[in-house]
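> Just a sequence and a predicted model for now, questions to come.
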Amino acid sequence: MRGPSPASTPRVDPGRVHALIVGVESYEAGTAWDLPGPARDAVAFHRLLAASGVRETQLHLHLAPLTPFTPDVAHRQADHATLRRALVRELPRLEGDFLCVWWGGHGVLDRAGHTRLFCADATTSDKVSINLESALDRFSSDAVPGFTEQLWIVDACETFEEALAFRDPLPSEALPAGQRTLAHRQTLLRAAGRGRQAANDPVRATGLFSDVLLDVLTGRPSVLAALLDPEVLYTEVRDRIAALRASGRTLQVPGIQLRAPGRTEVLPAADERTQPERPATALSRAVDALLAYPLMTDPVERQAVVSALGPSLAGTLPRHSKARTDAVGILTALVRQHSDALWQLYDAVLSVDDDPGRRAVLKAALDELVHSRRSGQSAGLHVQ
């Protein structure tokens with residue numbers, strides 16, 4: 001796809017550009033949250049902007065890298081207090097026309113429909129995060145007198161909070177916002193779409209969305225001009241990811257949200273409407289295979305199966321009165337346990353009903369579920 005013609009290319013003074021660039025790979029929650037890629041992607045974006053003439057003092061880089069990656073550029077921490085201070089106190093005081101925010105790491109869509117971006121000091125019991133929507137509200141208010149042009153790029157999952165069966169709820173926090181104004185034009189590019197995971201390649205250590213976007217930007221004669229024309233940029237990224245989705249590499253559908261004087265809308269992903277129905281996930285197939293057993297639809301028999309797992313496992317499972325919701329919680333929790341946990345469930349089910357046909361389907365579904373979790377192909381959270 002051709003970029004804009006030279007006559008239509010937006011101009012921007014690199015001296016009036018600032019960027020907040022965040023890449024979180026390592027979390028205090030432990031190795032189960034490790035996510036190789038976001039810090040490397042953030043550094044690559046930093047280098048593109050630096051090569052475009054944006055001074056180092058205007059590139060605000062925050063990283064939590066995984067070893068053995070050692071960034072060779074100056075950066076600050078990506079903990080909650082540091083990032084909140086940057087968003088609430090530091091960036092609003094700066095003078096500039098264009099602000100670009102790049103964020104890569106774990107995320108979740110909370111029950112209020114807000115995207116929560118987890119900080120490096122998030123733990124399983126204290127999931128500190130930045131509320132993306134509250135950040136957008138702050139930066140479109142008079143609390144931020146400058147940066148009338150803004151582009152926010154987020155490569156993070158938007159998995160529904162309830163699908164992750166967190167043992168501890170998300171802490172509620174919103175950034176303070178000022179009086180609303182009509183001075184700012186904000187564009188948000190998001191990698192995954194509502195309720196979806198953002199794919200990550202742990203071997204190449206990059207997010208799929210970030211990798212595509214960086215490649216598109218690298219091919220443009222002017223990176224800043226491309227960032228100032230986000231609808232054109234989004235179209236090319238969307239089309240490339242649509243091809244990857246068609247080949248089965250991802251289920252995510254990137255999105256774009258525009259908020260400007262006289263225009264506020266979320267543009268539809270036109271290509272998504274023409275896609276064939278997506279295949280069921282490994283978890284969905286495992287749930288179907290488990291519920292094919294009549295005993296799993298009876299709450300008393302279902303409890304007997306769970307009790308057979310023993311208190312060390314049964315006591316960690318989130319439970320629900322509805323059979324399907326209960327099965328989702330049980331399978332999701334067990335697959336995060338040690339490698340034998342799912343097979344203990346398998347044995348418990350077979351001890352009550354050893355139907356050969358159902359047994360073969362359940363075994364295949366659990367094999368696939370284990371493989372999907374081990375493959376690390378998505379950047380979804382792996383622990384509660």
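Looks like it came in fine. Numbering: from 1, shown residues only.
> Could I get the full set of helices for the stretch 1-150 of the chain?
In the stretch 1-150 of the chain, the helices defined using DSSP state H, counting those that start in this stretch lie at 38-51, 80-85, 91-93, 132-139.
> most neighbours per residue, which of those helices?
Neighbour counts (mean count of other CB atoms under 10 Å) averaged over each of the helices of the stretch 1-150 of the chain peak at helix 38-51, with a mean of 22. Just so you know, the C-beta spots here come from the backbone N, C-alpha and C atoms, and that holds for glycine as well.
> What average pLDDT does it get?
Mean pLDDT, computed over helix 38-51, is 97.
> Find the residue closest to residue 314 in space, skipping its chain neighbours.
residue 306 (5.1 Å; CB to CB, 6 or more residues apart in numbering).
> repeat for residue 45
Residue 45 sits nearest to residue 102 (CB to CB, 6+ apart), 5.1 Å away.
> ok, what's across the strand from that neighbour?
With DSSP bridges as the criterion, residue 102 is bridged to residue 21, residue 153.
> quick revisit: among the helices of the stretch 1-150 of the chain, which comes closest to residue 355?
The closest of the helices of the stretch 1-150 of the chain to residue 355 is helix 38-51. By CB to CB, the value is 45.3 Å.
> Report the buried residues of whichever helix in the chain runs longest.
Taking DSSP state H as the criterion, the chain has its longest helix at helix 356-375. Using 16 or more other CB atoms under 10 Å as the test for burial, helix 356-375 gives 358, 359, 361, 362, 365, 366, 368, 369, 370, 372, 373.
> and the closest residue to residue 41 other than its chain neighbours, what element?
Nearest-residue entry for residue 41: residue 210, 3.9 Å, with adjacent residues in sequence omitted and distances by CB to CB, 6+ apart. Using DSSP states H and E, residue 210 sits within helix 208-218.
> Heading C-terminal from that helix, find the next helix or strand.
Using DSSP H and E, the first helix or strand after helix 208-218 is helix 223-227.
> gap between that following helix and the chain center?
From the chain centre to the centre of helix 223-227 is a distance of 24 Å (CA atoms, centre = their mean, to the nearest Å).
> From the contact counts, what lies against it?
When contacts are defined as 3 or more CB pairs under 8 Å, 6 or more residues apart in numbering; DSSP states H and E, helix 223-227 sits against helix 38-51, strand 98-104, helix 208-218, helix 230-246.
> Straight-line length of stretch 165-176, end to end?
Distance across stretch 165-176, first residue to last, is 29 Å (CA to CA, to the nearest Å).
> So what's the residue count around residue 178?
Per other CB atoms under 10 Å, the neighbour tally for residue 178 reads 15.
> any idea how far residue 259 is from the residue nearest to it when sequence neighbours are not counted?
Nearest residue to residue 178, sequence neighbours excluded (CB to CB, 6+ apart): residue 143, at 3.4 Å. Here the criterion is CB to CB, to the nearest Å. By it, residue 143 lies 16 Å from residue 259.
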